[in-house]
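# All I have is the shape, not the residue letters:
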Ligand SMILES: Nc1ccn([C@@H]2O[C@H](COP(=O)(O)OP(=O)(O)OP(=O)(O)O)[C@@H](O)[C@H]2O)c(=O)n1
Ligand SMILES: C[C@](O)(CO)[C@H](O)COP(=O)(O)O
């Protein structure tokens, strides 16, 4: 039994018709990663949120995996409301396995049309202690911790809370001809995440019989819930139309600061060892010895990544004296460094690696290494560069006693907001 107090649902099951994007807009790239990856990272990184579930469309599993790796998800429905309901129902179960499906607590006639109900579930009616839930559009990628803080604070006294922005333009009715002007003082632009006490949100969704709502807060109000308005954020604009992507890129660029750092590592070549380089096993008469699997390339890149956020070096996080790292796969060190950057809202832009050795020849393995490093860091292949050089038979690399690697990493991290 888990004890989730505050959970988040990201609805990402839409097809994004209005965006004109070739792929559903939540999987389109923004600042080097999927739109959804920004929303997910923001919720995952918040210390008060202990469970995040993504609601995806049927058949979007591969896109989700490419964007986020292994995460908890559920299949949504034909409308945003039904997708939210699928997420809420999933939170009534304790099973957190990726691919979790909605539980049997949903009356048959209220189940999301596309929901697969064949998977694991808990007993009907069970709730597992989720007290608060944040419901967020994947299509609103730039979510700050400050907005989440304001929403959760408002839940101390209210049933729900939504981020709101004032309306700056004159508002009027009319079709082709201008009709009456609408007073804008009491109007707001409502964003997500929308925060609720879980049981209230679940009841409101399960019992909904009205016309298709545009958000969750109006469903809360329909059952008598009080919903607070908290200060929204212009960064939280939803990506809806084609021009919104360029606007989002500009907003992102304005808040991010570029950082570059380097990493350097050397390991000894010895007979009887495997040769792991760049996450690839390379046939050679000698292999590298030392910390973990001694993948000098991944170690140099890990140090470069850690350097971009001033988070020490590989030894700080994985001390060589700790026996648990003996023979370990260095891929986990690389991914740990990437996860620290992601937790700070950072984006990895580019990796450049130079291997320094007389043998083996790196050329035949360059593509495999590039693709493996890109896969581990969830980058495109053209964001990873691999070069090699000899030292003209000079020094320890020239004598074939060891291999050296130097790496540079460029990332963008959020500035002050
Ligand atoms: N059946 C649906 C429809 C929408 N959404 C999600 O709800 C959020 C807000 O909806 P919207 O911006 O309207 O997204 P789409 O429905 O994908 O866009 P469009 O209406 O242009 O097709 C998006 O993150 C979208 O993925 C969902 O989970 N399930
Ligand atoms: C939920 C929402 O983002 C709040 O502003 C909005 O209502 C979604 O509307 P859409 O028509 O589904 O994009």
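Structure's in. What do you need? What you are looking at is a predicted structure, and each value in this text was computed from that prediction instead of being measured. Ligands and ions are numbered 1, 2, ... in the order given.
# Give me the spatial nearest neighbour of residue 368, chain neighbours excluded.
Nearest in space to residue 368, with sequence neighbours left out and distances taken as C-beta to C-beta, 6 or more residues apart in numbering, is residue 280 at 4.8 Å. C-beta here means a position set from N, CA and C on the backbone, and glycine is covered the same way.
# what do you get for residue 14?
Of all residues not flanking residue 14 in the chain, residue 24 sits nearest, at 6.4 Å (C-beta to C-beta, 6+ apart).
# Tell me where the model's unsure across the stretch 301-417 of the chain.
Within the stretch 301-417 of the chain, the ranges that satisfy pLDDT under 70 run 416-417.
# Against residue 329, how distant is the residue of it found nearest ligand 1?
With C-beta to the nearest ligand atom, the shortest gap between the stretch 301-417 of the chain and ligand 1 falls at residue 345, namely 19.2 Å. For residue 345, the distance to residue 329 equals 27 Å [C-beta to C-beta, to the nearest Å].
# Residue 383 too?
From residue 383 over to residue 329 the distance is 22 Å, taken as C-beta to C-beta.
# Counting neighbours, go ahead and name the busier of the two.
Legend: neighbour count by other C-beta atoms under 10 Å for residue 383 and residue 329, higher for residue 383 (18 against 15).
# my guess is the more buried one contacts residue 32, does it?
Yes - counting by C-beta atoms under 8 Å, residue 383 does reach residue 32; the two are 7.2 Å apart.
# Spit out the residues that contact these two alike.
Residues touching both residue 383 and residue 32 (C-beta atoms under 8 Å, 6 or more residues apart in numbering): 348-349.
# Give me the three-state assignment for the closest residue to ligand 1 within the stretch 51-200 of the chain.
Ligand 1 sits closest to residue 83 of the stretch 51-200 of the chain, with a gap of 3.3 Å, by C-beta to the nearest ligand atom. Three-state call for residue 83 (DSSP: H, G, I helix; E, B strand; the rest coil): helix.
# just to revisit the earlier point, can you report how many residues lie near the residue of the stretch 301-417 of the chain closest to ligand 1?
The number of residues near residue 345, taken as other C-beta under 10 Å, comes to 20.
# on that earlier part again, residue contacts, the residue nearest to residue 368?
Counted by C-beta under 8 Å, 6+ apart, residue 280 has contacts 365, 368-369, 372.
# Quick check on it: phi, psi?
Per-residue torsions, residue 280: phi -120, psi 140 (degrees, to the nearest 10).
# returning to that earlier point: thought the residue of the stretch 51-200 of the chain closest to ligand 1 was touching residue 89?
No - counting by C-beta under 8 Å, residue 83 sits too far from residue 89 to count as a contact (10.9 Å).
# that older thread, list just the nearest of the contacts of residue 280 to ligand 2.
Of all the contacts of residue 280, residue 372 has the smallest distance to ligand 2: 38.4 Å, by C-beta to the nearest ligand atom.
# what are the ranges of the helices in this structure?
Assigned by DSSP state H, the helices in the chain fall at 35-45, 61-68, 80-90, 145-154, 198-206, 217-222, 243-255, 296-308, 314-317, 331-343, 366-377, 395-398.
# of all those helices, which lies closest to ligand 2?
Nearest to ligand 2 among these is helix 80-90 (4.9 Å), distances taken as C-beta to the nearest ligand atom.
# what about the closest one and ligand 2, any contact?
Yes - applying C-beta under 6 Å from any ligand atom, one finds helix 80-90 touching ligand 2 at residue 80.
# helices or strands up against that helix?
If contacts are counted by 3 or more C-beta pairs under 8 Å, 6 or more residues apart in numbering; DSSP states H and E, helix 80-90 sits against strand 6-12, strand 51-56, strand 73-75, strand 132-137, helix 198-206.
# for it, the distance to its chain's centre please.
When C-alpha coordinates are averaged (C-alpha atoms, centre = their mean, to the nearest Å), helix 80-90 and its chain have centres 20 Å apart.
# Check which residues of that helix are buried.
Across helix 80-90, burial judged by 16 or more other C-beta atoms under 10 Å covers 80-90.
# Over to stretch 233-248?
For stretch 233-248, by 16+ other C-beta under 10 Å, it's 233, 235-239, 244-245, 248.
# Select the helix or strand of this protein having the lowest average pLDDT value.
Least confident helix or strand of the chain, by mean pLDDT, DSSP states H and E, is strand 33-34 with a mean of 90.
# what's it in contact with?
If you take C-beta under 8 Å, 6+ apart as the criterion, strand 33-34 is touched by 26-28, 63, 66-68, 347, 378.
# hmm, 7 Å instead?
For strand 33-34, contacts defined as C-beta atoms under 7 Å, 6 or more residues apart in numbering pick out 26-27, 67, 347.
# Tabulate those residues (CSV), appending neighbour count and distance to residue 141.
Listed next are the contacts of strand 33-34 as CSV, based on neighbours: other C-beta atoms under 10 Å; distance: C-beta to C-beta, whole Å:
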residue, neighbour count, distance to residue 141
26, 34, 9
27, 22, 12
67, 24, 12
347, 22, 11
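# got the residues you listed as JSON lines, with distance to residue 183 columns?
Converted to JSON lines, the contacts of strand 33-34 look like this (distance: C-beta to C-beta, whole Å):
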{"residue": "26", "distance to residue 183": "35"}
{"residue": "27", "distance to residue 183": "40"}
{"residue": "67", "distance to residue 183": "42"}
{"residue": "347", "distance to residue 183": "42"}
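# so which of those residues are also by ligand 1?
Among these, the ones lying near ligand 1 by C-beta under 6 Å from any ligand atom are residue 26.
# out of the contacts of strand 33-34, which are inside strands?
Residues of the contacts of strand 33-34 located in strands (DSSP state E): residue 347.
# show me the contacts for residue 346.
Neighbour list for residue 346: 309, 411-413 [criterion: C-beta under 7 Å, 6+ apart].
# Most neighbours among the residues you listed, which one?
When neighbours are counted by other C-beta under 10 Å, residue 411 leads these with 26 neighbours.
# Spit out the contact partners of the closest residue to that residue other than its chain neighbours.
Leaving aside its sequence neighbours, residue 411 sits nearest to residue 308 (C-beta to C-beta, 6+ apart; 4.4 Å). Shown in contact with residue 308 (C-beta under 7 Å, 6+ apart): 259-261, 341, 409, 411.
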